[in-house]
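Peer 1: sequence-free structure coming up:
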């Protein structure tokens, strides 16, 4: 609760990495979590002073519960960040209207921005050169490579003819000498093992 009561909010990366999940906080301390979210939302709506907004206490409570269920991965610190961005004009709902549908849209927009930021961070991380390996790590890698080579050598190779085709598949030729295909015929059991009635 201390991180969401400070004067300046965290940046999105730190809010996600160091933040407290809303539903987890609600399970641990439902009254305090609900009160904190209600205060954040009410303070934001009062500050913006829009013509069409959520005013009733029950409507505010319903909005908080809906947003908690709709965005279960959200952190408390991210709620703080979203309300701060609303106050500073980063998110600007149109027509002086900020009710639950507009809040849902803003939360979705924030989630999209968070996903883009995390993807960018991951791509930057992948660009970094790998760390140097220790001698022990190199030995393990070499031993694994040697084992894979030995296992590959034990695999029986399929015999092929001079053209590189598998020898166990008979090929037939047409009347003009051209190959007609692989010529594989269905396998029939010997006459002694056939059930009666088969010809």
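Peer 2: That came through, no problem. Computed from a predicted model, the values in this text were never measured in an experiment.
Peer 1: domains in the chain, as residue ranges please.
Peer 2: Domain assignment for the chain by automatic domain parsing gives 2-127, 137-185.
Peer 1: mean pLDDT lowest for which of these?
Peer 2: Sorting the domains of the chain by mean pLDDT places domain 137-185 lowest, at a mean of 65.
Peer 1: which residue ranges of the protein form helices?
Peer 2: 2-5, 12-18, 22-28, 30-48, 57-70, 76-88, 100-127, 135-153 (DSSP state H).
Peer 1: quick one, which of those helices is packed in tightest?
Peer 2: Mean neighbour count (mean count of other CB atoms under 10 Å) peaks for helix 76-88 among those, with a mean of 21. No exception for glycine: its C-beta is placed from N, CA and C like everyone else's.
Peer 1: who touches that one?
Peer 2: Under the criterion CB atoms under 8 Å, 6 or more residues apart in numbering, residues 1, 3-4, 9-12, 14-16, 18-22, 25, 33, 36-37, 40-41, 43-44, 47-48, 91, 98, 106-107, 110, 114 lie in contact with helix 76-88.
Peer 1: also stretch 33-51?
Peer 2: Applying CB under 8 Å, 6+ apart, the set of residues contacting stretch 33-51 is 1, 4, 22, 25-26, 53-55, 60-61, 63-64, 67-68, 76, 79-80, 83, 86-87, 93, 96-98.
Peer 1: let's see 7 Å
Peer 2: The contact list for stretch 33-51 (CB atoms under 7 Å, 6 or more residues apart in numbering) reads 1, 4, 22, 25-26, 53-54, 60-61, 63-64, 76, 79-80, 83, 86-87, 96-98.
Peer 1: this completes my enquiry, with thanks.
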